[in-house]
Structure formats: structure tokens, C-alpha cells
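Student: What follows is a protein structure lacking sequence information:
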């Protein structure tokens, strides 16, 4: 219920700024907040933002990926300062999850590059951030990997969101014209 209220509030905040020239920056702030909350998946908010301003899909993807990467980097630093014992106590379900095991394997094998890949895929990022923080990867490299990975993913999501309604309407028109004959 709290997650739904937070998500609804973030969508309302975006909708009030959709006509503003700084809308992509507002989406970046929402991406940062959603990432820090660890309870609201940002992808649905990204799609909503692009549907509000489809012509600015690339700027929205660029700025929101930066906001999400900064939020993830803050989480990385928080997890880094918590240490193993506090992470196990604070997040027992995450530390025992399959995502944790997979993130641990990837990070052990591929280091920062695995963070880029995990950030680019529709996978949970929090377990990877936790393990990366404990592994003490360089913060600048982590931020860059998170940003590039999020940028790749968000560009695809934003492009598809900007193009989808147009294609759906075109398909609907073709079907209604064909069905009317």
C-alpha cells in the first residue's frame, strides 16, 4: 500500500511538470527518489513520463538514467558503510535470495562490468549493489557502470514507449478500415 501511494505521488509530481522545459530533470529527480526508496520500480514511471512527453524520450532516458545511477551509487555507499553483519541483519531476505547468489557470482567473475550488465538488464540491482559495496569496488567505476547500464536500458524502454502508442493507433486504424469493407 505504501509502495502504491509513493508510486502514485511520483506520477502526480511528473504530470504537473510534463509541459515544463525542465521535465527531463524532474524525471531524473523521480528516478533518484524511486531508486533510493528501494520499493518503487522506476521502469513504470519512466514509461509514464515518456508517454507524457514522447518527443523528449531521449532526454528523459538520459537524465533519468543519471538520476537512477546516482541513487544506486548512494545505496552502494550506504551498503559499503553498513558492512556484512549489518547487511545480513537489515536485509536477510535479499542476502538469501537467488538474485544475491547470481549477483555474487557475476561480481566475483567480472567485477564492475557485471554491474553494468545487471543495470542494463531487467534484473534486481539491490543484491548486486550490496555485494559490490562489500567487495569495495571503486566508486567512480561503479557510478559509471551503473549510468551506462541504466542509460542502455532506459533508452530502449523510452524509445519503445514513445513509439508504441503511434504503432498501436496505426494498427487499430488499419484493422477498422479493413473491417469496415
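Tutor: Thanks, I have the structure now. Just so you know, these numbers come straight off a predicted model, no measurement behind them. Numbering: from 1, shown residues only.
Student: tell me what the helix or strand harbouring residue 68 is packed against?
Tutor: In this assignment (DSSP states H and E), residue 68 forms part of helix 57-90. Counting by 3 or more CB pairs under 8 Å, 6 or more residues apart in numbering; DSSP states H and E, the packing neighbours recorded for helix 57-90 are helix 23-37, helix 42-52, helix 126-135, helix 139-179. Where you see a C-beta, it was placed from the backbone N, CA and C, and this is true even at glycine.
Student: Put together a markdown table for the ones you listed, with mean neighbour count on each row.
Tutor: A markdown table is the format used below for the helices and strands packed on helix 57-90 (neighbours: other CB atoms under 10 Å):
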| stretch | mean neighbour count |
| --- | --- |
| helix 23-37 | 22 |
| helix 42-52 | 21 |
| helix 126-135 | 22 |
| helix 139-179 | 16 |
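Student: Save those helices as TSV, and put in mean pLDDT and distance to residue 110 too.
Tutor: As requested, the helices and strands packed on helix 57-90 are arranged in TSV below (pLDDT from 0 to 100; distance: least, CB to CB, whole Å):
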stretch	mean pLDDT	distance to residue 110
helix 23-37	93	22
helix 42-52	91	24
helix 126-135	82	11
helix 139-179	82	10
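Student: Just send these back as CSV, with distance to residue 58 too.
Tutor: Compiled in CSV, these are given as follows (distance: least, CB to CB, whole Å):
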stretch, distance to residue 58
helix 23-37, 9
helix 42-52, 10
helix 126-135, 26
helix 139-179, 7
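Student: So which bits of the helix holding residue 68 are buried?
Tutor: By neighbour count with 16 or more other CB atoms under 10 Å, helix 57-90 contains the buried residues 57, 59-73, 75-76, 79-80, 82, 87.
Student: Name the nearest residue to the spatially most central residue of the chain, ignoring sequence neighbours.
Tutor: With distances taken as CA atoms, centre = their mean, the chain has residue 42 as the residue nearest its mean C-alpha position (4.8 Å). Counting by CB to CB, 6 or more residues apart in numbering, residue 42 lies nearest to residue 34, which is 4.2 Å off, once chain neighbours are set aside.
Student: can you pull the contacts of the one you found?
Tutor: Counting by CB atoms under 8 Å, 6 or more residues apart in numbering, residue 34 touches 10, 40, 41, 42, 45, 68, 71.
Student: Would you mark the buried spots in the helix or strand hosting residue 9?
Tutor: Per DSSP H and E: residue 9 is located in helix 2-15. Within helix 2-15, the residues that count as buried by 16+ other CB under 10 Å are 7, 10, 11, 14.
Student: How far off centre is that helix?
Tutor: Centre-to-centre, helix 2-15 and its host chain are 15 Å apart (CA atoms, centre = their mean, to the nearest Å).
Student: again with stretch 132-143
Tutor: 18 Å.
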